[in-house]
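A.B. asks: next comes the sequence, and after it the predicted model I'd like to discuss.
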Amino acid sequence: MLEIKDLVKRYGKFTAVDHLSLSVPEGTIYGFVGPNGAGKTTTMRIMAGLLTATEGSVLMDGIDATKNPKALRERIGYMPDFFGVYDNLKVTEYMDFYAGTYGIPYKERGGMIDNLLEIVDLTHKKEFYVDSLSRGMKQRLCLARSLIHDPSLLILDEPASGLDPRARVEMKEILKQLQSMGKTIVISSHILPELAEMCTQVGIIDHGRLAAAGSVQEIMHRLTQKRVIYVRPAAEMEKMLRILEEQPSVQGLVENTLDAEFDFDGTDEELAGILKRLVLADVPVVAFREKEGNLEEVFMRVTGGESV
């Protein structure tokens, strides 16, 4: 488990991270988003042990990175938003070089490198030069590099940046596979819909502070204090609308061509009662569910419309 407590990073009089606290449960994919300049990359670099915090602590499995950064680096794999590669090396040579920097014995490297290249689907490119790879392949190679020492936590800063749709899908599938292997992943991305598909929890940083955290639905509910309910009848639209208008917990009823939506601020029992009343009135309801919020909407509400 990763836990950050009252993290502060100052550059002179400018405060980039302002008493930020968050927890990332083990085995989750945690989306970390914020407007440009909000402090997310600074925070991620402190998590990875690449920057020193002004105040606060970063705990990984109980180890305080501010006091023992070497022990933290052994548990963390970091993939920055921009990185260089050694173009005059083949893929296997590139991986072997980094295995050496982590002190992995030479006899163990071959099998380990083959396994990592298989995970990121680059086995067929192992004897190719790095500079001959597409951008998507280079991204996957650098992900494999960050796994070279078998870290329990991965910190990925914009791993899908500059990738085409197919490459983004491939990256998403690889990250889900890594989660199934027990890895904890902290990931930032400006592609919010795809991030929402992967993440079990999100944290939104704004002006160096954690503005919201939890699942998308939890954050949306805290922001609005009401739920949006979607209902679609096979027929009897007018009858359904009349019944819904009579319910005191139904607000903001909107009729669409084939369905309707309304804001609901009652209990689950009251919601079940509304459905029961529609059924007893012989309204053929084919869909009745809570409408899911989306990460883009949550982000805009929390940050006041600033660009990601």
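C.D. replies: Everything's here; your move.
A.B. asks: for G252, what are its contacts?
C.D. replies: Counting by Cβ atoms under 8 Å, 6 or more residues apart in numbering, G252 makes contact with F262, D263. All C-beta atoms are positioned from the backbone trio N, CA, C, and that covers glycine.
A.B. asks: from A144, how far out is it?
C.D. replies: In this structure, G252 and A144 are 49 Å apart, going by Cβ to Cβ, to the nearest Å.
A.B. asks: with K138 instead?
C.D. replies: 11 Å.
A.B. asks: mind listing what's buried along the lowest-mean-pLDDT helix or strand in the chain?
C.D. replies: Lowest on mean pLDDT, DSSP states H and E among the helices and strands of the chain sits helix 216-224, with a mean of 74. By neighbour count with 16 or more other Cβ atoms under 10 Å, helix 216-224 contains the buried residues V216, I219, M220.
A.B. asks: the stretch 51-200 of the chain: helices as residue ranges?
C.D. replies: 69-73, 91-101, 106-119, 135-146, 165-180, 192-198 (DSSP state H, counting those that start in this stretch).
A.B. asks: residue contacts, A38?
C.D. replies: I205, D206, H207, G208, T303, E306.
A.B. asks: turn those residues into CSV, columns for pLDDT, secondary structure and distance to F264.
C.D. replies: Shown next, in CSV, are those (pLDDT from 0 to 100; DSSP: H, G, I helix; E, B strand; the rest coil; distance: Cβ to Cβ, whole Å):
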residue, pLDDT, secondary structure, distance to F264
I205, 93, strand, 30
D206, 92, strand, 28
H207, 91, coil, 33
G208, 93, coil, 35
T303, 81, helix, 26
E306, 61, coil, 30
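A.B. asks: out of those, who has the most neighbours?
C.D. replies: Counting neighbours by other Cβ atoms under 10 Å, I205 comes out on top of these with 26 neighbours.
A.B. asks: re the thing from before, for the least confident helix or strand of the chain, packing partners?
C.D. replies: Contacts defined by 3 or more Cβ pairs under 8 Å, 6 or more residues apart in numbering; DSSP states H and E place helix 216-224 against strand 201-206, strand 209-214, helix 295-303.
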